[in-house]
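Engineer: Just to be clear, the model below is a prediction. Sequence and coordinates:
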Amino acid sequence: MRTILFSVFVFMIVASCTQKKESLFNGENLDGWTIFVDESIISPEDFFYVNDGMIETVGVPNGYLRTVKEYADYHLHIEWRYPDEPTNSGVFLHTSGPDLIWPAHYQGQLKYENAGDFIVHGVRERATLGDSTYVSSDTLKPIIPKLNPTNEKPAGEWNSYDITCKGNTIELRVNGLLQNAATNCSLTSGGIGLQAEGSRIQFRNLWIEPIK
């Protein structure tokens, strides 16, 4: 009897400490996502699409793919690679307000050799990194450099972002290395976005895990 009770107790502890991961991409279509792009230039279906089980974008013109659902307090995992010449992209966090170029958000930079830079975007949105508080305006979109030299892999190879958003804090890890940490973020929830800004880029293994 004691053995059974102990086993139940252990199971309850493990269950209470384990949060269910939610896949953000089913590998077949873009259900759960919405595409924003100038449709006079390109159709949304030709702009972001599924290619061989990956999310892919042609990269031009500027635009993005955004989750319909909004999130707060989570660990986000995303893998990306540039199959051709690497240029620019980004991961939008706490995307808020109307869809436009560009909405209010924080960004984990994916510009080649700058992954891990942190961007504050949206009028009067703010975040503190290190000893400084950065405020975005109509003319200024602060870009805060990563903490360490680039640790990205070459074009054609897969990289990973592990991003923790909890309360008003955000941490960016590139290939397992902490590259930026923000506190006092004015945005604490919103959609997750994938940016198109320059060239073809692919994404895979996107999942989110709630945290307390």
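Structural biologist: Thanks, I have it. Residues are numbered from 1 along each chain as shown.

Engineer: any idea how far the residue nearest the centre of the chain is from Lys212?
Structural biologist: Central residue of the chain (CA atoms, centre = their mean): Val91, 3.6 Å from the mean position. Applying CB to CB, to the nearest Å, one obtains 23 Å for the distance of Val91 from Lys212. C-betas here are computed from N, CA, C, even on glycine.

Engineer: now Asp162
Structural biologist: From Asp162 over to Lys212 (counting by CB to CB), the distance is 18 Å.

Engineer: do the same with Leu76
Structural biologist: Shown here: Leu76 relative to Lys212, a distance of 16 Å by CB to CB.

Engineer: ok, these two, which is more surrounded?
Structural biologist: A direct count of neighbours by other CB atoms under 10 Å for Leu76 and Lys212 places Leu76 higher, at 20 against 7.

Engineer: which SSE is the more buried one in?
Structural biologist: With the criterion set as DSSP states H and E, the secondary-structure element containing Leu76 is strand 74-81.

Engineer: and Glu45, that's in a helix?
Structural biologist: Yes. Assignment of Glu45 by DSSP: H, G, I helix; E, B strand; the rest coil places it within a helix.

Engineer: Tell me where the protein is predicted with low confidence.
Structural biologist: Residues of the chain that meet the criterion pLDDT under 70 lie in 1-19.

Engineer: Could you identify the longest strand within it?
Structural biologist: Longest strand of the chain, by residue count under DSSP state E: strand 201-210.

Engineer: is it true that Ile201 touches Gly90?
Structural biologist: No. Contact status for Ile201 versus Gly90: not in contact, 9.9 Å apart, counting by CB atoms under 8 Å.

Engineer: Which residues in the strand or helix carrying Leu178 does the neighbour count mark as buried?
Structural biologist: Using DSSP H and E, Leu178 maps to strand 177-182. Of all the residues in strand 177-182, those buried under the rule 16 or more other CB atoms under 10 Å are Gln179, Asn180, Ala181, Ala182.

Engineer: cool, and stretch 60-71?
Structural biologist: Under the neighbour-count criterion of 16+ other CB under 10 Å, stretch 60-71 has Val60, Asn62, Gly63, Tyr64, Leu65, Arg66, Thr67, Tyr71 buried.

Engineer: rewinding a little: what sits closest to the residue nearest to the centre of the chain if chain neighbours are left out?
Structural biologist: Nearest in space to Val91, with sequence neighbours left out and distances taken as CB to CB, 6 or more residues apart in numbering, is Gly108 at 4.2 Å.

Engineer: What is the neighbour count of the one you found?
Structural biologist: The number of residues packed around Gly108, counting by other CB under 10 Å, is 28.

Engineer: Surely Tyr64 and Leu194 touch.
Structural biologist: Yes. Checked against CB under 8 Å, the pair Tyr64 and Leu194 is within contact range at 6.2 Å.

Engineer: joint contacts of those two?
Structural biologist: Here Tyr64 and Leu194 share the contacting residues Phe92, scored by CB atoms under 8 Å, 6 or more residues apart in numbering.

Engineer: hang on, the earlier thing: can you spell out which helices and strands pack onto the helix or strand containing the residue nearest to the centre of the chain?
Structural biologist: Taking DSSP H and E as the criterion, Val91 maps to strand 90-96. For strand 90-96, the elements it packs on are strand 63-67, strand 74-81, strand 104-109, strand 159-166, strand 191-196, judged by 3 or more CB pairs under 8 Å, 6 or more residues apart in numbering; DSSP states H and E.
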